[in-house]
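Visitor: turn this into a structure:
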Amino acid sequence: YHLLWTCHHLISDGWSSARQVGEVLALYRGETLPAQFGQYRDYINWLQTRDAAAGERFWRERLVSLDEPTLLAGALGHAAAEPAREVHGRLSAELTRGLQQFAQAQRVTLNTLLQGAWLLLLQRYTGQARPCFGATVAGRPAELPSAQSLLGLFINTLPIAHEIQPQWAVGDWLRDLQALNLHVREFEHSPLHDIQRWAGKPGQALFDSILVFENFPMDSALAGGGDSLRVLGQRPVESTHFALALVASADECLDIRYAYRADRLASSQVERLREHFERLLLAMAESAERRLGDLSMLAGAEREQLLGGWNATEAAFPDGVQLQALLQQQAAQTPDALALQFGAQRLSYRELHQRANQLARWLRAQGVGPDVLVGVAAERSVELVVALLAIVKAGGA
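Guide: Predicted coordinates:
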C-alpha cells in the first residue's frame with residue numbers, strides 16, 4: 001500500500017504530525033490513548049497574555065542596523081531553467097560526531113553551528129557584513145503545561161541577523177550567536193509581519209532563505225508500529241515560498257535537505273551551495289581559534305580556477321592612448337560592427353560614436369572640461385554608456 005498524506009502548515013507542524021502518526025499507529029495496535037489535557041485554544045489564550053511592546057522593543061533594537069534584506073537568489077543571479085528536485089546532503093557518522101564534539105566543547109548547540117556556517121555562506125555570496133536568514137522555531141511555550149501534547153500550528157520563522165568581522169575567532173563568534181538564539185526565544189512568538197514593520201520594511205521580505213533544525217520524532221513514530229504494521233520508505237516532500245529552505249536533522253549522521261523554488265534557483269546552483277556550506281561547516285570545526293576570514297568554502301579546483309584562471313587577465317596596453325581615441329579608431333575601422341547591446345537595443349561603433357559626440361558637444365556648452373566632475377544617475381542601459389563616454393570626450397570626469 002502507498003499512502004500519500006498532504007498537510008498544510010496552516011493546520012499542523014512537524015511535531016504535531018509525528019504525534020498524530022504515533023497516535024494512529026497506537027490505535028491500530030488496539031492501545032488506548034492517554035487522556036488529553038488542554039486544547040489549542042489554551043495556546044491562543046496564552047498568546048494574548050504576551051507583552052507585545054517588549055517584543056517590539058527587542059526586535060527594533062536587534063534589526064536597527066539591518067541595512068537591506070539578505071536575498072541569496074538575487075546574489076546568485078538568474079540561472080538556466082532546470083527541472084526542480086530536492087538536493088540532499090549527508091555527512092558521515094564520523095564527521096557528524098566531530099561536529100557534535102566541537103559544538104559541545106564551545107558550549108553551543110549543533111543548530112548554532114549550522115546557523116553560523118549558513119551566515120558565513122550568505123556573507124560570502126552577498127557581501128553583507130550583517131547577513132540575515134530565517135530560523136524556524138518550535139514555538140511551544142514551556143509555561144503552557146499541555147504544549148508538548150497539543151496538535152496544531154506552533155512554529156514561527158524569525159530573522160537571525162548577526163555581524164561578521166573577518167578578524168573574529170570562530171569560537172567567540174559562535175558563543176555570541178548562541179546567546180542571540182537564547183535571547184530570541186523570549187520573543188519567538190512575535191509575528192513575522194510585525195517584525196518586518198518594526199525593521200522599517202513593512203510587507204517586504206527580510207530574507208529569502210530559512211534554516212530548520214528538526215527535532216520531532218517522526219522516524220520514532222513510524223518505527224513504533226510493531227510487527228502488525230510497518231511503515232517503510234518514508235519520503236517527505238516539502239514546498240516553500242522561500243527561495244531556499246534548509247531542513248536539517250541529526251541522528252547518527254547529519255542530514256540536510258535543500259528544498260528550493262525552481263523559478264528562483266537552479267539545481268546546479270543549489271548543489272554548489274551545498275558543497276560550499278559543508279566546507280564552511282567542517283572548516284569551522286577544525287579550530288575555535290581560527291579567524292572567520294580565514295575559513296574557505298572553495299575546493300582546490302575552484303580556488304585554482306579563481307586565482308589562476310579567471311584572474312589571469314594581464315595584457316599589454318599602449319601607453320599614452322586614451323579611451324575616446326581607441327573608440328574613435330575602432331569606429332573608423334569597423335563602423336558597422338556591434339559595439340553595445342542592451343536587451344533588444346543594439347548600437348554599432350558608428351552609432352555609439354555619433355551619439356557620444358552629440359552629448360559631448362552639449363556638455364561642453366554647459367561648461368564641462370578638465371577638472372569638471374559630472375554626476376550620472378542612470379540604471380544599467382545604453383544611455384548610461386553613452387553618458388560616460390560623452391563625459392570623457394568632453395574632457396570632464
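Visitor: quick one, helices of the stretch 251-397 of the chain?
Guide: For the stretch 251-397 of the chain, applying DSSP state H, counting those that start in this stretch gives helices covering 267-284, 300-304, 323-333, 349-365, 382-393.
Visitor: just put those helices in CSV and tack on mean neighbour count.
Guide: No exception for glycine: its C-beta is placed from N, CA and C like everyone else's. Shown next, in CSV, are the helices of the stretch 251-397 of the chain (neighbours: other Cβ atoms under 10 Å):
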stretch, mean neighbour count
helix 267-284, 19
helix 300-304, 11
helix 323-333, 14
helix 349-365, 17
helix 382-393, 19
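Visitor: can you put these in CSV and add distance to Ala245?
Guide: Shown next, in CSV, are the helices of the stretch 251-397 of the chain (distance: least, Cβ to Cβ, whole Å):
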stretch, distance to Ala245
helix 267-284, 11
helix 300-304, 25
helix 323-333, 47
helix 349-365, 46
helix 382-393, 37
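Visitor: packing partners of the helix or strand that contains Leu121?
Guide: Leu121 belongs to helix 110-126 when assigned by DSSP states H and E. If you count contacts as 3 or more Cβ pairs under 8 Å, 6 or more residues apart in numbering; DSSP states H and E, helix 110-126 packs onto helix 72-76, helix 93-105, strand 132-137, helix 170-185, strand 209-213, strand 244-250, helix 267-284.
Visitor: what's the angle from the fifth one to strand 244-250?
Guide: Right, strand 209-213. Interaxial angle of strand 209-213 relative to strand 244-250 (axes from the mean of the first three to the mean of the last three Cα atoms, to 10 degrees): 20 degrees.
Visitor: pairing partners for strand 209-213, with directions?
Guide: Strand pairing for strand 209-213, using DSSP bridges, gives strand 132-137 (parallel), strand 244-250 (parallel).
Visitor: got the contact list for the helix or strand following the shortest one?
Guide: Put plainly, it is strand 132-137. For strand 132-137, the following helix or strand on the C-terminal side (DSSP H and E) is strand 156-161. By Cβ atoms under 8 Å, 6 or more residues apart in numbering, the surrounding residues in contact with strand 156-161 are 62-63, 66, 70, 115, 119, 130-137, 139, 180-181, 184, 188-192, 195, 199, 206-207, 210.
Visitor: swap in stretch 100-108?
Guide: Stretch 100-108 is contacted from outside by 109-110, 112-113, 171, 174-175, 177-178, 250, 284-285, 288, using Cβ under 8 Å, 6+ apart.
Visitor: for Ala54, give its distance to Asp42.
Guide: 22 Å (Cβ to Cβ, to the nearest Å).
Visitor: and the two? which has more neighbours close in?
Guide: Counted by other Cβ atoms under 10 Å, Ala54 and Asp42 do not tie: Asp42 has more neighbours, with 15 against 12.
Visitor: so what does the host helix or strand of that one touch, helix or strand wise?
Guide: Here Asp42, judged by DSSP H and E, is contained in helix 40-48. Judged by 3+ Cβ pairs under 8 Å, 6+ apart, helix 40-48 is in contact with no other helix or strand.
Visitor: could you dump that helix to CSV, C-alpha only?
Guide: Extracted as CSV, the C-alpha positions of helix 40-48 are listed here (Å, rounded to 0.1, in the frame of the first residue of the first chain):
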residue,chain,number,x,y,z
TYR,A,40,-5.3,24.5,21.1
ARG,A,41,-7.4,27.5,22.4
ASP,A,42,-5.3,27.4,25.5
TYR,A,43,-2.3,28.4,23.4
ILE,A,44,-4.3,31.1,21.7
ASN,A,45,-5.3,32.5,25.1
TRP,A,46,-1.6,32.3,26.2
LEU,A,47,-0.5,34.3,23.2
GLN,A,48,-2.9,37.1,24.2
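Visitor: got the buried residues for that helix?
Guide: Tyr43 (16 or more other Cβ atoms under 10 Å).
Visitor: quick one: mean pLDDT over that helix.
Guide: What helix 40-48 shows for mean pLDDT is 93.
Visitor: and the angle from the helix or strand just after that helix to strand 132-137?
Guide: Counting by DSSP H and E, the next helix or strand C-terminal to helix 40-48 is helix 52-63. Relative orientation of helix 52-63 versus strand 132-137 (the same axes, to 10 degrees): 140 degrees.
Visitor: sketch out the low-pLDDT regions of the protein for me.
Guide: Residues of the chain meeting the criterion pLDDT under 70: 78-84, 216-221, 223-227, 300-312.
Visitor: count of neighbours near the closest residue to Pro141 other than its chain neighbours?
Guide: Leaving aside its sequence neighbours, Pro141 sits nearest to Ala147 (Cβ to Cβ, 6 or more residues apart in numbering; 5.6 Å). Ala147: 19 surrounding residues under other Cβ under 10 Å.
Visitor: got the contact list for stretch 162-178?
Guide: Residues contacting stretch 162-178 (Cβ under 8 Å, 6+ apart): 65, 106-109, 112-113, 115-116, 119-120, 123, 129-131, 180, 284, 287-295.
Visitor: again, 7 Å this time
Guide: The contact list for stretch 162-178 (Cβ atoms under 7 Å, 6 or more residues apart in numbering) reads 106-109, 112-113, 115-116, 119-120, 123, 129-130, 180, 284, 287-293.
Visitor: alpha carbons only: can I get that stretch in PDB?
Guide: Provided in PDB are the C-alpha atoms of stretch 162-178 (Å, rounded to 0.1, in the frame of the first residue of the first chain):
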ATOM      1  CA  HIS A 162      24.500  38.600  13.100                       C
ATOM      2  CA  GLU A 163      27.500  40.700  12.300                       C
ATOM      3  CA  ILE A 164      30.600  39.100  10.800                       C
ATOM      4  CA  GLN A 165      34.100  40.600  11.100                       C
ATOM      5  CA  PRO A 166      36.900  38.600   9.400                       C
ATOM      6  CA  GLN A 167      39.300  39.100  12.400                       C
ATOM      7  CA  TRP A 168      36.900  37.500  15.000                       C
ATOM      8  CA  ALA A 169      37.600  34.000  16.300                       C
ATOM      9  CA  VAL A 170      35.200  31.200  15.400                       C
ATOM     10  CA  GLY A 171      34.600  30.100  19.000                       C
ATOM     11  CA  ASP A 172      33.800  33.600  20.400                       C
ATOM     12  CA  TRP A 173      31.600  34.400  17.500                       C
ATOM     13  CA  LEU A 174      29.600  31.200  17.800                       C
ATOM     14  CA  ARG A 175      29.000  31.800  21.500                       C
ATOM     15  CA  ASP A 176      27.700  35.200  20.700                       C
ATOM     16  CA  LEU A 177      25.300  33.600  18.100                       C
ATOM     17  CA  GLN A 178      24.200  31.100  20.800                       C
END
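Visitor: fine, thanks again, bye for now.
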